[in-house]
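A.B. asks: Sequence first, predicted model second:
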Amino acid sequence: MTPEVFARNAILNAIHHVSVTPKRYAPHELTQIYRRAEARGHIWTEAELMERNLPLYWCKNWVQAQLSQGYSATQIALNAGGYQKMAVSRHIRLKHGLGTRAMLTPDQQDQIRARAAEGATRLQLMQEFSISEFTASKYAQMVQADEELLLRFRQESARVSWPATRPQIAESLFEGSKVRADNWVAERYRRGWLRRVKTGVYEVNLHSDPPGPDGEGA
């Protein structure tokens, strides 16, 4: 056997016996590792944590980047490696002095959508409502999608003779498909773009608010 062949076989044999499975740590092992590092003032980096297969939420810079993208504690826990939300949220608050994103109330969501519909920029939304760039972008995209849906509704409604029943709408827009017509009517009625003239009969209604929760159903 030549030296070259011997060396090659030695390398292949070594590779064959090297485990590439990342090490998994038990909870008590993670606690010990973190406490030892904390005791000597160690600052974790994302690269180091990834290399050692340790929780990414130990890195403050990584957590801040996640928060800036609008991720919640649940999402951060998942992105960090699938850890428990409560443990991750507690660590972020106590060790990093950071707060995870609070859920927006329905009223706040409506206000953000209204401002986005008025033409507010993403930066303005971030400043006015103290939200992340990720969240501002999400609402801007939602408003854009709503505008595109409204435009499509105007185009579709032009093909219907109003007032119209569901069967007539089905024939005009969906080749007689009752299910598609029912879904179409229900969604447009919910948005306030249709109003019910009488039982089973609708007409276009683009100049008033959508029916409230106590109003008649579609």
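C.D. replies: Okay, I see it.
A.B. asks: From residue 157, how far off is residue 186?
C.D. replies: From residue 186 across to residue 157, the span is 15 Å (C-beta to C-beta, to the nearest Å). To be clear about C-beta, it is placed using only N, CA and C from the backbone, and glycine gets the same treatment.
A.B. asks: okay, these two: which has more neighbours?
C.D. replies: residue 157 (19 against 14; other C-beta atoms under 10 Å).
A.B. asks: Bridge partners for the closest residue to that one other than its chain neighbours, pull those for me.
C.D. replies: Ranked by C-beta to C-beta, 6 or more residues apart in numbering and with sequence neighbours excluded, the top spatial neighbour of residue 157 is residue 204, at 5.2 Å. Beta bridges link residue 204 to residue 194, judged by DSSP bridges.
A.B. asks: Residue 204 against residue 163, yeah?
C.D. replies: No: Residue 204 lies out of contact with residue 163 (C-beta atoms under 8 Å); the separation is 9.1 Å.
A.B. asks: Which one of those two is surrounded by more residues?
C.D. replies: Remark: of residue 204 and residue 163, residue 204 carries more neighbours, 17 against 14, as counted by other C-beta under 10 Å.
A.B. asks: Which pLDDT value belongs to the more buried one?
C.D. replies: Residue 204 is assigned 95 on the pLDDT scale.
A.B. asks: buried ones in the longest helix seen in the chain?
C.D. replies: Longest helix in the chain, counting residues (DSSP state H): helix 133-157. For helix 133-157, the buried set under the neighbour-count rule, 16 or more other C-beta atoms under 10 Å, comprises 134, 135, 136, 137, 138, 139, 140, 143, 153, 157.
A.B. asks: any idea how far the helix or strand just after that helix is from the chain center?
C.D. replies: Next along the chain after helix 133-157, taking DSSP states H and E as the criterion, comes strand 164-165. How far strand 164-165 lies from its chain's middle: 38 Å, per C-alpha atoms, centre = their mean, to the nearest Å.
A.B. asks: quick one: the helices in this structure?
C.D. replies: With DSSP H as the criterion, the chain has helices at 3-17, 27-39, 46-52, 60-68, 73-79, 85-95, 106-117, 122-129, 133-157, 166-173, 178-190.
A.B. asks: Contacts for the last one, please.
C.D. replies: Contacts made with helix 178-190 from outside it, assessed by C-beta atoms under 8 Å, 6 or more residues apart in numbering, are listed as 153, 156, 166-167, 169-170, 173-174, 194-196, 202, 210-211, 218.
A.B. asks: Closest to residue 107 out of those residues?
C.D. replies: residue 210 (15.8 Å; C-beta to C-beta).
A.B. asks: Give me the pLDDT for the closest one.
C.D. replies: So residue 210 comes in at 46 (pLDDT).
A.B. asks: Kindly report the same for the one 5 residues further on.
C.D. replies: Predicted confidence (pLDDT) for residue 215: 46.
A.B. asks: go on, residue 150?
C.D. replies: 93.
A.B. asks: now the one 3 residues further on
C.D. replies: Per-residue confidence (pLDDT) for residue 153: 94.
A.B. asks: next one: the one 10 residues further on
C.D. replies: According to the predicted model, the pLDDT of residue 163 comes to 95.
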